[in-house]
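1. coords below, sequence missing:
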């Protein structure tokens, strides 16, 4: 009997077990190749989700920059609020993008 990792929760389990005792994942009659394929698909979907979030963050950053640098804001209280909102959107987009890039790097390492 050998110890392997569960494809769903990545905790140690017996290779003879029919289901994971930690998360309840059912192995059934799956071969080792099926389980590896399932793990690979799960990892691919996670990376795709993170890349989509990065693209959305980049879009937010670009839209915020557009309004900051090319926006023709009236010199009134409303114009100042619009300018500040543009700065906030730009900052959120940049920070979100940077955080997602770190998350993608960490996800690729594991």
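-> Arrived safely. Keep in mind it's a predicted model, so treat the numbers as computed, not measured. Numbering: from 1, shown residues only.

2. Please spell out which residues along stretch 47-63 are buried.
-> Using 16 or more other C-beta atoms under 10 Å as the test for burial, stretch 47-63 gives 50, 53, 54, 57, 60, 61. Glycine gets a C-beta too; all of them are placed from N, C-alpha and C.

3. What is the host helix or strand of the fourth one packed up against?
-> Secondary structure from DSSP states H and E places residue 57 in helix 32-70. Contacting helix 32-70 under the criterion 3 or more C-beta pairs under 8 Å, 6 or more residues apart in numbering; DSSP states H and E are the following elements: helix 77-109.

4. ok, and the closest non-adjacent residue to the residue most central in space within the chain?
-> Centroid check for the chain by C-alpha atoms, centre = their mean gives residue 50 as the closest residue, at 2.8 Å. Closest residue in space to residue 50, ignoring its immediate chain neighbours: residue 104 at 4.9 Å, by C-beta to C-beta, 6 or more residues apart in numbering.

5. From residue 98, how far off is the one you found?
-> Relative to residue 98, residue 104 is positioned 11 Å away (C-beta to C-beta, to the nearest Å).

6. so what's the residue lying closest to residue 58 once chain neighbours are set aside up against?
-> Spatial nearest neighbour of residue 58, excluding adjacent residues (C-beta to C-beta, 6+ apart): residue 97 at 5.5 Å. Neighbour list for residue 97: 54, 57, 58, 61 [criterion: C-beta atoms under 8 Å, 6 or more residues apart in numbering].

7. tally of neighbours for the closest residue to residue 39 other than its chain neighbours?
-> Distances taken as C-beta to C-beta, 6+ apart place residue 7 nearest to residue 39, at 4.6 Å, with adjacent residues excluded. Close neighbours of residue 7, defined as other C-beta atoms under 10 Å, add up to 20.

8. now do residue 90
-> Applying other C-beta under 10 Å, we find 20 residues neighbouring residue 90.

9. Look up phi and psi at residue 12.
-> phi -70, psi 130 (degrees, to the nearest 10).

10. Look at it and report its pLDDT.
-> Note for residue 12: predicted pLDDT of 85.

11. That one: neighbouring residues, count only.
-> Residue 12: 11 surrounding residues under other C-beta under 10 Å.
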